[in-house]
Structures are given as structure tokens and as C-alpha cells.
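> I would like the atomic coordinates for the input below:
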Amino acid sequence: MGQYAVGMRGLLWITLVCGLQLAQGPVARVAAEPAATTSSIAEAKLLVADTEPATPFRMQGTVTWCWEPLTSRPRPHFIIDDGTAGIWVNGTGARQRGLWTATDFSTVEIGDLVEVTGVVIRGGYDANLLPTAVTVISSGPLPPAPPVDADAFFRGQLQGRRATVTGIVQDGRLKGDQLWLLSLELAGRRFLAEVPIAILGDEISQLIDAEVCLSGVVMATFNTRGQFIRPRLLVSSAAEFTVELAAPTDPFTAPQVELSELDHHTLQPASGHRICTVGTVTSARPGGRLTVQQGLVGVRVQAREPVAVRVGDRIEIAGFIDRSRDFAQLTGAMIRKIGRAAAPAAIAVTPRELTATIVRAVRSGQLAQPTDYDGCLVRSSGTISDIQRSATGTMLTLVANGSTLAVEVERRMAALPPTIEVGATLAATGILEVSLAAPFDRMAGPEERPYAEPIQRLTLLPRSAADLTVLKPAPWWNDRRLAVAASGLAMVLLAAVGWVVALRRQVAVQAARVAGEVRRRHDAEIEFQAALRERNRLAVNLHDTLLQSLGGAGFQLDTCRRAVARADLADTAAHLDVARRMLRHAAGELRSSVWALRTMPQAGRSFAESLNAIVEQLAAGQEANLRLSVSGTPFDPPDFIAGNLLLVAQEAIRNALHHGRPTTVAIDVNFTSTPQQIEVVVQDDGHGFHPATAAGPSQGHFGIQGMHERLTSLGGSLAIDSQPGRGTRVRASVEITALADADDAV
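Now for the predicted structure:
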């Protein structure tokens, strides 16, 4: 055969793919990959790659299996074996990773010796080879398929190798439309075999219970965690499938076994072939799921095909023993009716008795007496403590004397009556299913057997809604209604608390509003009274000074008017001069009155003397030591400047004494000649404060703002330096010359 890529079919395929890739972009192949390492399959598996990019390998092996080898469908997978190991060549994985664009290995046949280049990855259970190139070298015989070692076979150690297995066919079903998936038993354990339908035909009922010999490639059935479940054998040719012992033509000729003796110890243990038994049907569920009972022994039966039986039918069963559960059951069973009997009466037993019987048997290492009740029709009662609904049905939990029993109501059954609710007392009839927590070890003595609870779960399976009877309805005042009432009460309490909080907040807002209004009215009243007193004082001052001066000036003007009428101009000039002087005096009086509103009068004293008087007045009755010092050559500034500076100094000293509580307050006055400037510094060693967070007009404190306004009106500056615990220093400075010049200009 030659190179795989050279075949006419392969050449056409590659030409088409390359044309499409050139039209769409670069070909999805490994770019600049390193040279492949020649290796055996076993060595390559030991170096399976966990990181990308993986090291490419080149290996040779014989094709032992192809995907659907007897069909004309594309074959994206095949298996090769080089004598050291076998490996799955995964074309689909190579295509998904962009390593290979053509995943149809239809020219690769079983028995071909091929050379494959690619990367080895971990895979789902065993290593996979993702091919980048496949070359067919020659064709030859398959590797031998030695008889299987059962232990290695069922532990997954023969993965990818050829082997021969002998087993008993117990069941089979179609996998797609080209393969049969057979279930076989070997040494008491089950495995699967995939056999093409072309080998077995469309019907395999004649193979059920036959002993067959199969040769093929061993693969694994595994889960999504890469955990081994059971082996699979891939059979490719009719020559590798032979019937060693044909199945009986009549399945009911199998050995007869009593239900009570099913799978018990004998000197000749079960061979894996069918056995026959007889029982009375106690439950018939969809899908051929039956439960039969004989005396106090119940067994589950899975029929190979659905059968029309009903409760009370006596049936003969020919089936295979299934040990996959805690208790043996029959599977792949053939059923035939042999009569009719009274339906077995349900065994009345409490959940506590069920538990005690099984616990006693496990801890004593003896058979359960009178029975373990698994698979039996029983009747039990208890209080419903929980109801869980799901897509498959409803699960009720019964509690009686501290023991629990689960009642599983299938969805196919009629809807449960509304009286079945938490708190009701329910009597339930059905098939009991016992799930043990651990295997029953008969070899362990009582002192070695753990005293933990051996039962994982007790489940009762009612057959219909008629198996459920409410003995006592749930009390009206049950947990659910209590929870609803508690929830309602909690909501009312929360609403009440919320209302109280909101009311208190509203009261606080209204109280603050009323307090603010009262404070504003009080301040307005004080301001009105102060303004009224000041208006009266101002009226008196204006009446005594300005009004008198303006009246005299008016008299002089009247005299001038009369002199003009007499044409006595010499007398007019004298009167006009007097009127001018009187008006100038009135203007000075008015200016003094205006500045008197915002300045402190000096009463004929110098600035230093006035400040000293203020210091002596404020020091009276104080524990703090007030010290005044003057530097430079003193001069007397204008009254309005001196008055404002005295008010600023007075406010600074008062604040230091009132808020700082100092031991010493130093007042330093510095006179500067050129330019004329007065600087007043008030420094204390009191508590100090943060100027940025000091109370202001919005909190009813106007001292600092008033000091700033006074110095701003004088063109001066005010600086306050203070920190908590370090005292306060207030510096007020005014330049006299500039302010006096500006005043004269006005």
C-alpha cells in the first residue's frame, strides 16, 4: 500500500482542504515543530505531556482496531500496538487542537503496520496520540490475543492490548445502528463487549445465557474524573467471536432456587448462568421493574422485556443474579405466569423495629430474624416531619419514636391529597428498600464490628396513592402556620419600630426647628432693643451736635441772603465764611458719630494708655497674669484706627481668658515709624484650639468674624495660630500711613 497521503482519495481530500485553507487563512498545522523523537508506545506513555507544546513522537505499530471497521463511514480513530503497549490514535482531538485537518483514516485497515507522528496527551483515562502524520508501511497479521488474566482485566491494566475473554452473555442492546453492546459475566464480575451487528445479526436473544469466547482490544469504561468503572472489549471480526456453550432453548430449564436461598453459600457456587425461582408479585412498575415475595423474603426483578403482570400473580422467573446492590436481585429476567394467589399481606412494622432488626443482625453477625424486610411489602406509620418535592416525585419523611422512614412517592402516581402535610399522622404501605452504610462483614467478631449506625437509609416505595392513608390530620396550629404567624408578627414589630424611629426623627426635626425659631426670635428681640437704644443715643448725639451746627449754618446763610438784598456785600463774605466753618465742623461731627458706632473711644488718652486701661479692667478678678509690653516709638493713630484696634485687642484678650484658661497672657504692642504701622500681638499659654473647626456665626459666635471685619475695613491683617494644648497667638497689624492717605483723598 504506500504512503497514506499519496493515495488518490487522500490526494483529492488534501487538495480540497488546502484550497479552502488558502482561501481562508493559514493551514491549521503545527508550525515550526521540533523533530519527532522515535519511541516505543510504552516509553511515550511514560512521557505523557501535561504542558503545551508537547514533544512530538514517532512510533510504529499494527492497527488492531478501527472506528466501525466494517462500515464505509469516516474513521477518525484507530488503535495501534507495537508489542510494548497499545494506544488510541485520536484524530478528532488532533483536529480540535489544529494539529490535523483531515480526520478520515478510511484507508487505514486492521492489520496495517503504520508509522504515526504526533503528540501524546493524558486523555480521559489512558494516554492518547494526536496524529500530525500517518504513513501506511505494510500489512500483516494482528498481534496475538492471549487469554485474559481476570484480575488485571478488571483492574484496567490491559488497556489498549489484545486479549481473549470467555464469559456468559447476560444482556445486550444496540449501540447506534452498527454495534451490539453486550453485558457479560466473568468470575462473578461484569464487563462489556462491542461487537459489530454484521457479526451477530439483528437478533441476539439466542445468545442470552450462552458462554462465548471473544478476542479483541481491551478498553475502559470510565467517568468524567478518569476513574475506571469496568472493562470493554472491542471485537472487530467474526473469527474473534465463537460460542463455546449454546444457551438453553428454554430458559426455564435453569436450576431452581428458592427465593429464601438466592445467592446463598453452596459447595457449587453460581456459575453466572440463569437461575429459576418462583414468587408472588407484590409490585409491578413501568419498565419491567417487579418485586416478588415468598414468605418473608422479597426480591427485585428487572425483566428483559416489559411484561403484563399484576399484584397477586404467581410467576416463574429465569434471570441472572445481580450483586450490584446491598441485596441480590435478578436482572435480564424472562417471566411467565403460573397462576394466581392472594396478594401477600403487608407486614406491619414500625421504623424502630425495622432499624433494630437490621442493627441486631449486623452486630451479631447472624441472619436477620424474622427477616431484614428488604424487598418485602410492609406497612408502617409515623408523623410527617418533612415534605420534599422534585421533578421525579415527592419524598415524605415519617418519624415514629425517634426513628425515621422515607416514603418515596413517584411522579406517575396520582396527586397527593391536601391532607398529606407536615404534622399529619400517615400510614404507608409499600416495598421497603434498605440501604446499608457499610458492607456486612461476617468475618468480624462482635468486639471488632463498629457500633456505628449500619443503616444508611430506609425507603418505602408505595405502589399507588391507595397505599397512603392519613390516620390523623395535621393540627391546625402547626409549624408552618406558626412560622407564618411569627413572620407576620415580626413584620408588624418591624413596622412599629420603623414608625417609632421615623416619629422620633420627625419630633427631633420639629424640635430643632422650634428651637431655631425661638433662638432667632430671641436674637431678633435683642438686636431690636440694641438697635433702639443705639438709635436713641444717635438721635441725642445728632441733635446736640450735628443739628445745632447745621442750624447755625442755616442762620448764617439767611443773614447772607438779607445782606445781599441790602447790597451789603462786605457783610456777606464774613457770614459765608462763618457758615463754611460751621458746615466743616458738622461734617467732622457726622464722621465722628459714624465711626463711634464701630470704634472704642479713647477719652483723651493715647493708644498705649487706652490699651493699658483695657488690660487692667479685664485683669480684675482673673487668676491669669496679664502682661503688657510696648516697643518702638509710640504715636497716636487716628481715633477710628485706634478704636478698632482696641476692640480687636479686647476681643482677643477676652477670648484667651474665657476659652483658653491660661496662666499667662502676653500683650505686645510694636510701633514702626517707616512706614507708620501698629502691630498688636496677644499670646497665651492656654488650651488652644483648631482654627479651622472653631465655632462661627452659624453656631452663634461672632468674635473672630468681627475681628476679621474690623481689620479688613482698616486694610490690615489678622493671623491666628493655635493648636490644642499649645496655646493661642493672635496678631493684628495695621499700616497707618496708607490708610490716612486714602482717607484724605476721600
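> Surely residue 559 forms part of a helix?
Yes - Residue 559 forms part of a helix when assessed by DSSP: H, G, I helix; E, B strand; the rest coil.
> Quick check, it in contact with residue 574.
No - the pair residue 559 / residue 574 is not scored as a contact, 9.3 Å apart, by CB atoms under 8 Å. No exception for glycine: its C-beta is placed from N, CA and C like everyone else's.
> Ranking helices and strands of this protein by mean pLDDT, which lands last?
helix 8-24 (a mean of 38; mean pLDDT, DSSP states H and E).
> Check which helices and strands the helix ranked longest in the chain is in contact with.
Identified as the longest helix of the chain according to DSSP state H is helix 479-541. Judged by 3 or more CB pairs under 8 Å, 6 or more residues apart in numbering; DSSP states H and E, helix 479-541 is in contact with helix 569-596.
> After the helix it packs on, heading C-terminal, what element do we hit next?
Remark: after helix 569-596, the chain's next helix or strand is helix 607-619, criterion DSSP states H and E.
> Which is the succeeding secondary structure element to that following helix?
That would be, after helix 607-619 and using DSSP H and E, strand 625-631.
> contact partners of that following strand?
608, 611-612, 615, 618-619, 653, 663-671 (CB atoms under 8 Å, 6 or more residues apart in numbering).
> any idea how far it is from the chain center?
How far strand 625-631 lies from its chain's middle: 72 Å, per CA atoms, centre = their mean, to the nearest Å.
> Next one: residue 430 from residue 246, what distance?
Per CB to CB, to the nearest Å, residue 430 is found 41 Å from residue 246.
> and if you look at residue 488?
75 Å.
> Contacts only, for the residue nearest to residue 191 when sequence neighbours are not counted.
Counting by CB to CB, 6 or more residues apart in numbering, residue 231 is the residue found nearest to residue 191 once chain neighbours are left out, at 4.8 Å. Contact partners of residue 231, counting by CB under 8 Å, 6+ apart, are 153-154, 156, 158, 191-192, 218-221.
> Go again with 7 Å.
153-154, 156, 191, 218, 220 (CB atoms under 7 Å, 6 or more residues apart in numbering).
> Next: residue 409.
Residue 409 touches 393-394, 396, 416, 462, counting by CB under 7 Å, 6+ apart.
> Redo those as JSON lines? Include distance to residue 638 and neighbour count.
Output for these, formatted as JSON lines (distance: CB to CB, whole Å; neighbours: other CB atoms under 10 Å):
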{"residue": "393", "distance to residue 638": "105", "neighbour count": "14"}
{"residue": "394", "distance to residue 638": "103", "neighbour count": "17"}
{"residue": "396", "distance to residue 638": "104", "neighbour count": "25"}
{"residue": "416", "distance to residue 638": "105", "neighbour count": "16"}
{"residue": "462", "distance to residue 638": "113", "neighbour count": "19"}
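> closest to residue 313 among those residues?
Nearest to residue 313 out of the contacts of residue 409 is residue 462 (CB to CB; 19.3 Å).
> confidence score at the closest one?
The model reports residue 462 with a pLDDT of 95.
> So for residue 430 and residue 246, which sits in the more crowded spot?
Applying other CB atoms under 10 Å to residue 430 and residue 246 shows that residue 430 carries more neighbours, namely 25 against 12.
> mind checking pLDDT for that one?
95.
> Verify the contact between it and residue 458 for me.
No - checked against CB atoms under 7 Å, the pair residue 430 and residue 458 is beyond contact range at 11.3 Å.
> pLDDT of the strand or helix carrying residue 65, averaged?
For residue 65, the host element (DSSP H and E) is strand 56-66. Here strand 56-66 scores 93 as its mean pLDDT.
> just how off-centre is that strand within its chain?
47 Å.
> what lines up beside it in the sheet?
strand 37-38 (parallel), strand 77-81 (antiparallel), strand 112-121 (antiparallel) (DSSP bridges).
> then it to PDB, C-alphas only?
Provided in PDB are the C-alpha atoms of strand 56-66 (Å, rounded to 0.1, in the frame of the first residue of the first chain):
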ATOM      1  CA  PRO A  56       6.200  15.100  19.100                       C
ATOM      2  CA  PHE A  57       6.900  11.300  18.900                       C
ATOM      3  CA  ARG A  58       7.300   9.000  16.000                       C
ATOM      4  CA  MET A  59       6.200   5.400  16.600                       C
ATOM      5  CA  GLN A  60       5.300   2.300  14.600                       C
ATOM      6  CA  GLY A  61       2.600  -0.200  15.400                       C
ATOM      7  CA  THR A  62       0.000  -2.600  14.000                       C
ATOM      8  CA  VAL A  63      -3.600  -1.300  13.700                       C
ATOM      9  CA  THR A  64      -5.600  -3.500  16.000                       C
ATOM     10  CA  TRP A  65      -8.900  -1.700  15.700                       C
ATOM     11  CA  CYS A  66     -10.600   0.900  13.600                       C
END
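> which outside residues touch it?
33-34, 36-41, 44, 75, 78-82, 86, 108-120, 132, 140, 142-143, 162, 217, 234, 236.
> One more: stretch 726-736?
637, 641, 645, 648, 652, 656, 660, 662, 675-686, 688, 711, 714-722.
> how long is stretch 225-237 from one end to the other?
One end of stretch 225-237 sits 32 Å from the other (CA to CA, to the nearest Å).
> quick one, domains of this structure?
Domain assignment for the chain by automatic domain parsing gives 4-139, 150-245, 251-340, 347-472, 479-595, 599-745.
> Show the average pLDDT along the longest one.
Taken as a whole, domain 599-745 has a mean pLDDT of 82.
> just how off-centre is that domain within its chain?
With CA atoms, centre = their mean, you get 66 Å for domain 599-745.
> gap between residue 481 and residue 308?
Taking CB to CB, one finds residue 481 at 47 Å from residue 308.
> now swap in residue 687 and tell me
Counting by CB to CB - residue 687 and residue 308 are separated by 103 Å.
> Helices of this structure, residue ranges please.
For the chain, the helices defined by DSSP H cover 8-24, 41-46, 91-96, 150-154, 197-200, 351-364, 479-541, 547-566, 569-596, 607-619, 639-655, 703-713, 736-745.
> Good, we can wrap up now.
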